[in-house]
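> Kindly generate the corresponding structure for this input.
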Amino acid sequence: MKKLQSLVLLCFVLISHFGLAQATLNLHQKLIELFPKAEITVIENLEGYSESYQLILDEPLDHKNPQKGTFKHYIYLSHLDFNKPMVIETHGYNTNNIKSEVSKLLNANQIAVEYRFYGKSRPEPLPWEYLTNDQAIEDYHDIVMKLKQIYSGKWISTGISKGGETSLIYKSKYPNDVDVAMPYVAPLINTQEDPRTINHDRTVGTVECRAKITAFQRAVLENREAVLKEFTQYAEEKKMTFTEVSFNESLEYAVLEFPFSFWQWGGKCDAIPSVTATPKELFDYLNDIVGVGTYNDKNYFKYLPSYYQHLSELGYYGFDLTPVADLLQAVKSSSNDRFAPKDVTIKYNPKYINKVRKYVENKGDKILYIYGGYDTWFSCSPTPNPKLDALKMVLPTGSHSTRVKDFPEKDKELIMETLSRWLEIKDPAEKK
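Below is the predicted model:
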């Protein structure tokens, strides 16, 4: 009898192990069938997931003309259950495998997609004519259509900042690809130098705080030589080079950027150094808020695709030269075109985002917007028609890093109740 029991137990264990192995094989095999030309690699699981894969796709440069060639496109799949919701995070830049807040809130599967021509998905030389939002949206559409063959739950798109803007563009182009869109701190920008951003920085907060910001900007440039010494020493320590944009020019751009970044990232007025602060104190605070490394050679190269997109389709912001115009030596223009790729023709199309805005504001049901009221990009947020089944949540003093977790409990309850209704689930966080 004992031998029979042992044999039954052994069979049970073998069957269990075989079942687990078969389940793993099934997902892997399904991915191979869906993406036959992709390089598929098992990667470490993020918290809560049972299987995870990096997929490197042979993505068409031009979806209308696949014969134009392909590029290596990196995406990351985190699996929980074929029947649970799937979150697609439309990253606006490069990405690693990071669990989104939406995936945590909904206990969902996740696919994180690097934006074409950023990070590891950047071909060299870069074929600029194929860096368009419409081409990127086709990337997402193809990925979603394939994965929908194996993931039967509700679909949610999300993204942060430029990635959130991408989720809105995606929703406007393919309204039925996802059931819900949940963009974070996403602007829809009117022009290459949207005046709403400058108006925001001139009116947000208190008069005293804004005056302190201007005084700080002027103090940095009035102490230019001493601050530049601190800057160059910092660059040497960090092994940064500034050949594309000189130290002097970088300092001026950082000073001009300061008000935008201060409000964007939730700067504290009490922390702004006085005009009598030491050059090191002035530089350190400027660096804390703006990040002077933005202008080094490595990041200059890294962000070329971003500036190309902003100046061709997405729109951007301009610098307010007025507070320090008399102290500027290198910067003569309010435009960000200084950081765009050279020897590339860039023609701005103002109709592109206007069309997206028209859709999301007038037809965009089941879009849940998250914003911080102090964030400079909030000034460019869409305003959905009150008749829509949409929800725009604004944390009054929130920054660009505002997330659902930062809202008061009552607001968090409203967010989760709305998601539950839209996704037709009783408890999004309920685990099997």
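> In this protein, where is pLDDT below threshold?
Within the chain, the segments meeting pLDDT under 70 span 1-25, 427-432.
> Tell me where the stretch 301-432 of the chain has strands.
Along the stretch 301-432 of the chain, counting by DSSP state E, counting those that start in this stretch, strands occupy 368-372, 391-395.
> Pick the most deeply packed of those strands.
Among these, strand 368-372 has the highest mean neighbour count (mean count of other Cβ atoms under 10 Å), at a mean of 24. The way it works is simple: take the backbone N, C-alpha and C, and place the C-beta from them, glycine included.
> residue boundaries of the strands in the stretch 101-250 of the chain?
109-113, 155-160, 180-184.
> Relative to Asn94, which of these is closest?
strand 109-113 (11.0 Å; Cβ to Cβ).
> Adjacent strands (with direction) for that closest one?
strand 70-79 (antiparallel), strand 86-90 (parallel) (DSSP bridges).
> Output those strands as TSV; include the columns distance to Lys37 and mean neighbour count.
Output for the strands paired with strand 109-113, formatted as TSV (distance: least, Cβ to Cβ, whole Å; neighbours: other Cβ atoms under 10 Å):
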stretch	distance to Lys37	mean neighbour count
strand 70-79	9	21
strand 86-90	21	28
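> Let me have those in JSON lines, adding distance to Asn349 as columns.
What follows is the strands paired with strand 109-113, written out as JSON lines (distance: least, Cβ to Cβ, whole Å):
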{"stretch": "strand 70-79", "distance to Asn349": "23"}
{"stretch": "strand 86-90", "distance to Asn349": "20"}
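> mind giving me TSV with the strands of the stretch 301-432 of the chain and columns for distance to Lys412?
Converted to TSV, the strands of the stretch 301-432 of the chain look like this (distance: least, Cβ to Cβ, whole Å):
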stretch	distance to Lys412
strand 368-372	11
strand 391-395	9
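> How many residues are close by Ser333?
Neighbour count of Ser333, defined by other Cβ atoms under 10 Å: 11.
> And Val204, by the same measure?
Count around Val204 with other Cβ under 10 Å applied: 19.
> Quick check: chain neighbours aside, which residue is closest to it?
Trp263 (5.5 Å; Cβ to Cβ, 6 or more residues apart in numbering).
> The one you found contacts Tyr374, doesn't it?
Yes - Trp263 is within contact range of Tyr374, at 5.2 Å (criterion: Cβ atoms under 8 Å).
> anything in contact with each of those two?
Residues touching both Trp263 and Tyr374 (Cβ atoms under 8 Å, 6 or more residues apart in numbering) are Val204, Gly205, Ser399.
> So which of the strands paired with strand 109-113 is nearest Ile156?
Across the strands paired with strand 109-113, closest to Ile156 is strand 86-90 (Cβ to Cβ), at 4.9 Å.
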